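Student: Using only what follows, build the 3D model:
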Amino acid sequence: MAIFGLFNKPSKEDLDKGLEKTKESVVKRLSRAIIGKSVVDDEVLDNLEEALISSDVGVNTTLRIIERLQNRVNRDKYMNTAELNRILREEIAALLEENNLNHPRGFDAELPHKPYVIMVVGVNGVGKTTTIGKLAWHYKKAGKKVLLGAADTFRAAAVDQLTIWSERVGIPIVKQQMGSDPASVAFDTVTSAKSGQTDVVIIDTAGRLHNKANLMGELSKIKRVITKVVPDAPHEVLLVLDGSTGQNAFEQARQFTEATQVNALAITKLDGTAKGGVVIGISDQFNIPVRYIGMGEKPEDLQLFDKQSFVEALFS
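Tutor: Okay, the predicted model is just below:
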């Protein structure tokens, strides 16, 4: 059985291009942190701490990284600033590895459940519906039978946008009229998927503001009705975050993980921002795997997230 699918594995060139703005910002800040210094001392570490926080890595994760570097400096006694980039990559990669955030399955890997039900959550404007369309394209190209469910029934634009994606990638969609019960759409979707031998079901949900009190109740209701058809579903609760919002993405992640059992993250719009460091912080702080990163408008620009490749691309 394929555990780690190699389908559409992002190349180094793809990552370098998508992370260009973040990489440029990080490299400049790191250069300023070590200017005029030959060895890594307390001043360099203080400057590096400021550089990482400014790159939206997050305060808590930055402090953990600095602590690891400090321990390494104390152990090695002498650390040349010329080696700082390499050492920084090693320590960040090790930090993320220790969080046991497993490499995601590839789109072509054997699914652990059938139908494999993905419920997608996130606020309006983060690229949620677009991410669903791209995911559907990837799974279809990998030979999977896919079905979409338009359960964001409060906005006609959301249903229309998902319908456009379904037509673009040639994947069927279950939808009802605007204002319908979202749980009813979800129920119809998984029922149709089960009877039609569908491999992957992707259900859109209302992108209400993350601090709305009724969010938890609404998502819980959708999950309850899905479970009536597929007892162990949803198998993946995917939270979509806009990487360009920096620290606001942390707050959204915090609110949604409190509201529902998020077990996967997709971070979008990384190609248009210098705040890509947010991926490292969110991966570390929430101990929820970042499964996908979005770095462009084309379906293939949604990529499986690989910690090692990401860190290498960002700091090389």
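
Student: Helices along the stretch 51-200 of the chain, start to end?
Tutor: 59-76, 84-98, 128-141, 156-169, 182-195 (DSSP state H, counting those that start in this stretch).

Student: and those, which one is worst for confidence?
Tutor: Ranked by mean pLDDT, these end with helix 84-98 in last place, scoring a mean of 83.

Student: In contact with the residue nearest the centre of the chain, which residues?
Tutor: By Cα atoms, centre = their mean, the chain has its centre lying nearest to residue 266, at 2.1 Å. The neighbourhood of residue 266, defined by Cβ atoms under 8 Å, 6 or more residues apart in numbering, consists of 131, 238-241, 290-294, 302. To be clear about C-beta, it is placed using only N, CA and C from the backbone, and glycine gets the same treatment.

Student: Make JSON lines out of those and add neighbour count.
Tutor: Formatted as JSON lines, the contacts of residue 266 follow (neighbours: other Cβ atoms under 10 Å):
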{"residue": "131", "neighbour count": "23"}
{"residue": "238", "neighbour count": "23"}
{"residue": "239", "neighbour count": "30"}
{"residue": "240", "neighbour count": "25"}
{"residue": "241", "neighbour count": "28"}
{"residue": "290", "neighbour count": "25"}
{"residue": "291", "neighbour count": "21"}
{"residue": "292", "neighbour count": "21"}
{"residue": "293", "neighbour count": "26"}
{"residue": "294", "neighbour count": "24"}
{"residue": "302", "neighbour count": "25"}
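
Student: Identify, from these, the entry nearest to residue 220.
Tutor: residue 239 (15.4 Å; Cβ to Cβ).

Student: quick one on the thing from earlier: gap between the residue nearest to the centre of the chain and residue 89?
Tutor: 24 Å (Cβ to Cβ, to the nearest Å).

Student: And residue 303, by the same measure?
Tutor: Residue 303 is 19 Å from residue 89, by Cβ to Cβ.

Student: go on, residue 72?
Tutor: 13 Å.

Student: roughly how far apart are residue 43 and residue 35?
Tutor: Taken as Cβ to Cβ, the span from residue 43 to residue 35 is 11 Å.

Student: if we can go back for a sec, could you single out the most deeply buried of the helices of the stretch 51-200 of the chain?
Tutor: Of these, the one with the most neighbours on average (mean count of other Cβ atoms under 10 Å) is helix 128-141, at a mean of 23.

Student: which residue ranges form the strands in the stretch 101-250 of the chain?
Tutor: Remark: strands assigned in the stretch 101-250 of the chain by DSSP state E, counting those that start in this stretch are 116-121, 146-150, 173-174, 200-204, 236-242.

Student: contacting residues around the spatially closest residue to residue 295 that is not a sequence neighbour?
Tutor: What sits nearest to residue 295 in space, not counting adjacent residues and going by Cβ to Cβ, 6 or more residues apart in numbering, is residue 18, at 2.9 Å. Residues in contact with residue 18 (Cβ under 8 Å, 6+ apart) are 270-271, 293, 295-296, 301, 303.

Student: re earlier: go through the helices of the stretch 51-200 of the chain and name the closest to residue 13.
Tutor: helix 84-98 (18.2 Å).

Student: Packing partners of the closest one?
Tutor: In terms of contacts (3 or more Cβ pairs under 8 Å, 6 or more residues apart in numbering; DSSP states H and E), helix 84-98 is packed against helix 20-34, helix 42-54, helix 59-76, helix 278-286, helix 307-315.

Student: With respect to burial, which of those scores highest?
Tutor: helix 278-286 (a mean of 24).

Student: helices and strands around that helix, which ones?
Tutor: helix 59-76, helix 84-98, helix 247-259, strand 264-268, strand 290-294, helix 307-315.

Student: so residue 204 makes contact with residue 153?
Tutor: No. In this structure residue 204 lies outside contact range of residue 153 using Cβ atoms under 8 Å: 9.5 Å.
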